[in-house]
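one predicted model, sequence on top.
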Amino acid sequence: MPANRGTIMPLTLHAAFVPTCDQLLGGLRTVIDRAEAHCRAEGLADADLIDAALAPDMWSLPWHVRACWVHSGYALGLMPTGEFTPDFTVRPESWDAMRAMVDEARAVLTGVDEDDLERIAGDKVTFVLGGKKLMEGTVSQFLLGFNQPNFQFHATTFYGICRMKGVKLGKMDYMGPMQMARPDTAGA
């Protein structure tokens, strides 16, 4: 039996939200690169993949990148204001624009101060859409119960669309660079 069994491990809001978003954004960046390379290798127009969706009533690739940005870096920037209103005004129309949006979100995540986030974790935040207050809760509840699941849905859907269109991808591409070391790559 491990010596620390029964010990409670404190988990900060930062630890629960930021590293996972950053990891999956790293994976999204890889999937974007692979999708563009697939278009080049197969002689496809970028639009053949960029405009693809899983179903007619679902978003295409650029909107999923935008949603990942909204539910990670953008959301973190709004938490201190006490109000979250999604911003879907700009659709990244190219592979480069999608990469830039992912890079921007990752830069915001890198700049989040853990102590600052913990200080506001219990503060109230309201979700406002079209001028209407739709729900409210604490910053912690909002990031973990609304933003994180939305982020993961859109990252997964982006990956799923690419797989559906024939892009050669595996789960590790989706998962992105993990913080854990793999024994088979130690010292490499």
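Perfect, thanks for sending it. Numbers count the residues shown, from 1 in each chain.

now for the residue nearest the centre of the chain: which residues touch it?
Centroid check for the chain by CA atoms, centre = their mean gives residue 68 as the closest residue, at 4.0 Å. Applying CB atoms under 8 Å, 6 or more residues apart in numbering, one finds that residue 68 lies in contact with 24, 25, 28, 101, 102, 105, 151, 154, 155, 158. C-beta: built from backbone N, CA, C; applies to glycine.

return the closest of these with respect to residue 76.
Proximity of the contacts of residue 68 to residue 76 (CB to CB) peaks at residue 105, which lies at 9.0 Å.

now do the SS call for the residue nearest to the centre of the chain.
At residue 68 the chain is in helix, as set by DSSP: H, G, I helix; E, B strand; the rest coil.

before we move on, the earlier item: out of the contacts of residue 68, which is most surrounded?
residue 28 (29 neighbours; other CB atoms under 10 Å).

check whether it really touches residue 154, as I assumed.
No: under the criterion of CB atoms under 8 Å, residue 28 makes no contact with residue 154, lying 9.0 Å away.

what comes up buried for the longest helix along the chain?
Determined from DSSP state H, the single longest helix within the chain is helix 13-42. Burial within helix 13-42, assessed by neighbour count using 16 or more other CB atoms under 10 Å, is assigned to 13-14, 17-18, 20-32, 34-36, 38-39.

if you count contacts, what does it end up packed against?
When contacts are defined as 3 or more CB pairs under 8 Å, 6 or more residues apart in numbering; DSSP states H and E, helix 13-42 sits against helix 46-50, helix 61-69, helix 95-111, helix 114-120, helix 148-164, helix 171-175.
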